[in-house]
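Undergrad: okay, sequence plus prediction incoming.
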Amino acid sequence: MRRGGGGRRGSGNYTNPCLTMHQPWASLLVYGIKRIEGRSWTAPIRGCLWIHAASKVPEEDTIKAMEDFYREIYAVNGITDIKFPEHYPVSRLLGCVDVVGCVRCDELASWEAVPEGVRLEGQTDFCWLCEQPKKLLVPFEMRGYQRVYNLEKKIYEAAVRGLVSVEGPMPVKFPLPDPQDPFSLKPGSISEGFSETEASGVEKSESLSAAIAGARAAATHKSLEEDKMPQSYSCGRSDEESSVPSHTEQHNPFSTTKAVVAVKPVKI
């Protein structure tokens, strides 16, 4: 398993990097349904990224909006049988994904090498490209922090033994421009040859447009809730990441990071 720390330059000082996300986005990523993690900042790591669910219990309307969104974008590629999570647990370490690259939203929308449904997932400034999801058979209760942080060694050692691979509805393999360089898939790396007017090419049906609007509204509502909450202290961040103001995250409508509380493995 690849780790975030000690790799190529730009990976930051990470050992077993972890990202806290709101539900339902966190579980959708670990279940392999969500393949693009949208952020207002570029991915500071490549390789294994642990996913932790924040403490906020998701509203039923939010869950419905996001599930409808994924039903519609998978339907673009003819996928209609999607098994969504039965539960969206909070304050839990859920599993991990492999971050293989990061591109701009406009690049993803024009990238014909990936399925149309994947291109529709890009709704933010930067798109983290995720593969090989794995989930924990027994999610761990633990506290989380803002942005990417280091998972505690004792939690990592306990969690890594409980991982199982997940087969998403339509797994995707993002081609690297340079297979020898894990950081070659970065903003600007695939835009050569794209015309300025080139767009996604996906003709949006009325139901697809409505699902996209609903997903944006759900994420925007979450962002507005976060604006009312105090900033939480975050430790374990790299020097590179500490230089980026964390409040920029709150104004990204598809961003889902927030801090939470507690540390111990529990059965749910």
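TA: Looks like it came in fine.

Undergrad: within the helices and strands, which one has the closest residue in space to residue 46 that isn't next to it in sequence?
TA: The shortest distance from residue 46 to any non-neighbouring residue, by C-beta to C-beta, 6 or more residues apart in numbering, is to residue 182 (4.6 Å). For glycine as for every other residue, the C-beta is placed from the backbone atoms N, C-alpha and C. Residue 182 is part of no helix or strand when elements are defined by DSSP states H and E.

Undergrad: what is the neighbour count of residue 182?
TA: 19 (other C-beta atoms under 10 Å).

Undergrad: go ahead and confirm it touches residue 176.
TA: Yes - judged on C-beta atoms under 8 Å, residue 182 makes contact with residue 176 at a distance of 7.3 Å.

Undergrad: so what sits against both of these two?
TA: Taking C-beta atoms under 8 Å, 6 or more residues apart in numbering as the criterion, residue 182 and residue 176 both touch residue 100.

Undergrad: residue 163 reaches residue 134, doesn't it?
TA: Yes - in this structure residue 163 lies within contact range of residue 134 using C-beta under 8 Å: 4.4 Å.

Undergrad: more neighbours: which of these two?
TA: residue 134 (21 against 16).

Undergrad: now residue 103: how far from residue 145?
TA: 26 Å (C-beta to C-beta, to the nearest Å).

Undergrad: neighbour count winner among these two?
TA: residue 103 (26 against 22).

Undergrad: who are the contact partners of the more buried one?
TA: By C-beta under 8 Å, 6+ apart, the residues touching residue 103 are 111, 126, 127, 129, 185, 186, 187, 189, 190.

Undergrad: want to throw these into TSV with distance to residue 60 and neighbour count?
TA: What follows is the contacts of residue 103, written out as TSV (distance: C-beta to C-beta, whole Å; neighbours: other C-beta atoms under 10 Å):
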residue	distance to residue 60	neighbour count
111	34	22
126	30	22
127	27	30
129	30	27
185	36	22
186	38	19
187	36	18
189	40	18
190	38	23
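
Undergrad: what is in contact with residue 163 and residue 134 at once?
TA: With C-beta under 8 Å, 6+ apart, residue 163 and residue 134 have common neighbours 95, 96.

Undergrad: in the chain, which strand has the most residues?
TA: strand 126-141 (DSSP state E).

Undergrad: which stretches of the stretch 51-200 of the chain form strands?
TA: Listed in chain order, the strands found in the stretch 51-200 of the chain under DSSP state E, counting those that start in this stretch are 92-104, 126-141, 148-150, 163-165.

Undergrad: out of the ones you listed, the one nearest residue 57 is which?
TA: Closest of the strands of the stretch 51-200 of the chain to residue 57 is strand 92-104, at 12.0 Å (criterion: C-beta to C-beta).

Undergrad: that closest one: how far from the chain's middle?
TA: Distance of strand 92-104 from its chain centroid, counting by C-alpha atoms, centre = their mean, to the nearest Å, is 6 Å.

Undergrad: partner strands of it, with direction?
TA: strand 47-53 (antiparallel), strand 126-141 (antiparallel) (DSSP bridges).
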